[in-house]
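Colleague: okay, structure incoming, though there's no sequence with it:
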């Protein structure tokens, strides 16, 4: 491995090592990496893949425009902004989230925040954490038509207008969007301070090193020139001139793809605490890129460490270790995994300024894994299906003032259960004893089999209390069922792992969790509210899961979400006994 980039090593079972070496030999013989860099779509499915490879050259293009980013960063400091808030979803928000958690606030620079949830409590919590009059709002939307960034903009623009006046509001907003988008038109009409353009040939999840990642990085005070210069080293060693054995992106992607073919499709990520949010970014990149056509890699992020006996033969572990501040428990756990014969890839990050190297390493790896799996890693057909369902529901609300009525499968303990007719029939047929919350959960969780995974899809505010309760539940499921477990907060996961859950292998068992909202927030210019949008997104998500014949049950809590989660946790523990 070239010492200019973070070291990557791996330990695999003998049979998997043989398969990886065979695949690398095929890539060498067929000159796949040279063809990839030549933007040859036949490396994948021969459709439109060649039109989505702008990320291959984006680092050099950004390095040529560093001065523009540096000047804008200085402008924001001179203007007195104390906060910067990214309003986006998926690829438009996850890179800034990684950076703000890894770097923290830089001296004399705005504190960077990210909003990527329509949960009204989450929106309110975010607003309370900023000073409206001294915040730069970064509206990030590649297409300009994505629902969430649009309503975030509508809400905060109105709040700022009321705070500083209509003539000043626009100067507190910038847009990052593709040329000619609806968001460009909105930004020009509302007098935004600046519009930064994305590259049309770069999809959202591959956009970390484009303006979608680098504008927030500059605003928060990072040395973007240094960041990109270090990233360029990874670009070079992943390039067409490197030998395959020394190409970290190709080797990693080959391991991912070959392992998935061999049944090890649960890519379990462990990342050091300082860079833990990298796992969330990886979830989107890998799941949305590979999870389609009944194939895919299921990322498992932030799963609590468990005993070795709980891990099956469907796992591939990836340990991203931050060398300056490693976690001793993770170190010991990974060493034990290797001694037990589990496949482990180790990646060392030597400096937070090397995170750009990881973005590029994994983009190449994901493209390579997609080729090995025989899919197009640049589309997301099932994400679009959920958006269509959500749009139909919000349109109906605008016309009638209500979402369609629902009939619960069961009600009790201040919790209601919902599902579609097919899942309902399967659950009723498996009930043991009188209907209860625990008995229905038992019937649902009995549908988990070896090689499956269980995902908790929570349309709730993402806070430490809720996360701790969800993590406890996933740990209980993992330990009792010995399967991989995932936790996603809605609607953000819709732009991420939601693609793999709907379009990937039908090996997921899903527990969707929704709630009554304790507070409600209006969306300026709309009849619907944030709570209605979130409810429509949850229903749309559920409908597509059901349409794809997924095993799914929805648990609806009341307004006291911690109490509802505690009740659910108790019932789940009973169901697993």
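Modeller: Arrived safely. Keep in mind the model is a prediction, meaning the values are calculated, not measured.
Colleague: tell me how far residue 509 lies from residue 426.
Modeller: Look at residue 509 and residue 426: by Cβ to Cβ, to the nearest Å, they are 12 Å apart. Where C-beta positions appear, they are placed from N, C-alpha and C, glycine not excepted.
Colleague: when those two are compared, which one has more neighbours?
Modeller: Neighbour count, other Cβ atoms under 10 Å: between residue 509 and residue 426, residue 509 has more, with 22 against 14.
Colleague: who does that one form a beta bridge with?
Modeller: Taking DSSP bridges as the rule, residue 509 bridges to residue 454, residue 551.
Colleague: for residue 90, give me its contacts.
Modeller: Contacts for residue 90 were tallied using Cβ atoms under 8 Å, 6 or more residues apart in numbering; they are 116, 204-205, 284, 288, 492, 495-496.
Colleague: for those residues, work out which two are farthest apart.
Modeller: 116 and 288 (14.4 Å; Cβ to Cβ).
Colleague: contact partners for the closest residue to residue 116 other than its chain neighbours?
Modeller: Using Cβ to Cβ, 6 or more residues apart in numbering and skipping residues adjacent in sequence, the residue nearest residue 116 is residue 93, 4.3 Å away. Neighbouring residues of residue 93 by Cβ under 8 Å, 6+ apart: 86, 114-116, 140, 492.
Colleague: narrow these to those in helices?
Modeller: The helices in this structure, assigned by DSSP state H, contain none of the contacts of residue 93.
Colleague: now, which of the residues you listed sits nearest residue 522?
Modeller: For the contacts of residue 93, the residue nearest residue 522 by Cβ to Cβ is residue 115; the value is 16.4 Å.
Colleague: and that closest one, how far is that from residue 123?
Modeller: Separation of residue 115 from residue 123 (Cβ to Cβ): 7 Å.
Colleague: so what sits against both of the two?
Modeller: Each of residue 152 lies in contact with both residue 115 and residue 123 under the rule Cβ under 8 Å, 6+ apart.
Colleague: residue 116 and residue 288: who's more crowded?
Modeller: Ranked by neighbour count (other Cβ under 10 Å), residue 116 and residue 288 place residue 288 first, with 30 against 26.
Colleague: surely that one and residue 380 touch.
Modeller: Yes: contact criterion Cβ atoms under 8 Å: residue 288 and residue 380 qualify, at 5.3 Å.
Colleague: list residues touching both of the two?
Modeller: Counting by Cβ under 8 Å, 6+ apart, the shared contacts of residue 288 and residue 380 are residue 499.
Colleague: can you list contacts of the helix or strand of the chain with the lowest mean pLDDT?
Modeller: Sorting the helices and strands of the chain by mean pLDDT, DSSP states H and E puts helix 381-400 at the bottom, at a mean of 89. Under the criterion Cβ under 8 Å, 6+ apart, residues 147, 288, 291-292, 403-404, 494-495, 498-499, 502-503, 526-528, 532-533, 536-537, 539-541, 543-544, 547-548 lie in contact with helix 381-400.
Colleague: can you flag the buried ones in those?
Modeller: Taking 16 or more other Cβ atoms under 10 Å as the criterion, what is buried in these is 147, 288, 291-292, 494-495, 498-499, 502-503, 526, 528, 532-533, 536-537, 539-541, 543-544, 548.
Colleague: from those, which land in helices?
Modeller: In this view, the buried ones among the contacts of helix 381-400 that belong to helices under DSSP H are 147, 288, 498-499, 502-503, 532-533, 536-537, 539-541, 543-544.
Colleague: what's the closest of those residues to residue 223?
Modeller: Among those, and counting by Cβ to Cβ, the member closest to residue 223 is residue 288, at 29.9 Å.
Colleague: tell me the contacts of the closest one?
Modeller: For residue 288, the contacting residues are 90, 205, 380, 383, 495-500, by Cβ under 8 Å, 6+ apart.
Colleague: export these to a markdown table and tack on distance to residue 487?
Modeller: Shown next, in a markdown table, are the contacts of residue 288 (distance: Cβ to Cβ, whole Å):
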| residue | distance to residue 487 |
| --- | --- |
| 90 | 17 |
| 205 | 20 |
| 380 | 21 |
| 383 | 19 |
| 495 | 16 |
| 496 | 12 |
| 497 | 10 |
| 498 | 13 |
| 499 | 17 |
| 500 | 15 |
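Colleague: which one of these is nearest residue 173?
Modeller: Looking across the contacts of residue 288 and measuring by Cβ to Cβ, the closest to residue 173 is residue 90, at 20.3 Å.
Colleague: for residue 456, see how far away the closest residue in space to that closest one that isn't next to it in sequence is.
Modeller: Distances taken as Cβ to Cβ, 6+ apart put residue 495 closest to residue 90, at 3.0 Å, once the chain neighbours are dropped. According to Cβ to Cβ, residue 495 and residue 456 sit 18 Å apart.
Colleague: check residue 69 too.
Modeller: Taking Cβ to Cβ, one finds residue 69 at 39 Å from residue 456.
Colleague: please apply the same query to residue 421.
Modeller: Residue 421 is 23 Å from residue 456, by Cβ to Cβ.
Colleague: I'd assumed residue 456 was in a strand, is it?
Modeller: Yes: Residue 456 sits within a strand when classified using DSSP: H, G, I helix; E, B strand; the rest coil.
Colleague: was I right about it contacting residue 489?
Modeller: No: Residue 456 lies out of contact with residue 489 (Cβ under 8 Å); the separation is 9.6 Å.
Colleague: quick revisit: which one of the contacts of residue 90 is nearest residue 54?
Modeller: The closest of the contacts of residue 90 to residue 54 turns out to be residue 204 (Cβ to Cβ; 12.0 Å).
Colleague: mind listing what the closest one touches?
Modeller: Residues near residue 204 by Cβ under 8 Å, 6+ apart: 90-92, 142, 212, 495.
Colleague: how about those, which pair is most distant?
Modeller: Largest separation among the contacts of residue 204 by Cβ to Cβ: 212 and 495, giving 12.9 Å.
Colleague: need the residues touching each of these two.
Modeller: Residues touching both residue 212 and residue 495 by Cβ under 8 Å, 6+ apart: 91, 204.
Colleague: I'd like the distance between residue 164 and residue 463.
Modeller: Here residue 164 is placed at a distance of 29 Å from residue 463 (Cβ to Cβ).
Colleague: which pLDDT value goes with residue 3?
Modeller: For residue 3, the model assigns a pLDDT of 56.
Colleague: shaky segments in the stretch 201-350 of the chain?
Modeller: Applying pLDDT under 70 to the stretch 201-350 of the chain picks out no residues at all.
Colleague: all helices for it, in order.
Modeller: Using DSSP state H, counting those that start in this stretch, the helices of the stretch 201-350 of the chain run over 211-219, 224-237, 248-261, 278-290, 328-339.
Colleague: possible to save those helices as TSV with distance to residue 8?
Modeller: Shown next, in TSV, are the helices of the stretch 201-350 of the chain (distance: least, Cβ to Cβ, whole Å):
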stretch	distance to residue 8
helix 211-219	22
helix 224-237	10
helix 248-261	5
helix 278-290	14
helix 328-339	14
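Colleague: and residue 376, which of these is closest to it?
Modeller: Nearest to residue 376, of all the helices of the stretch 201-350 of the chain, is helix 278-290, at 8.8 Å by Cβ to Cβ.
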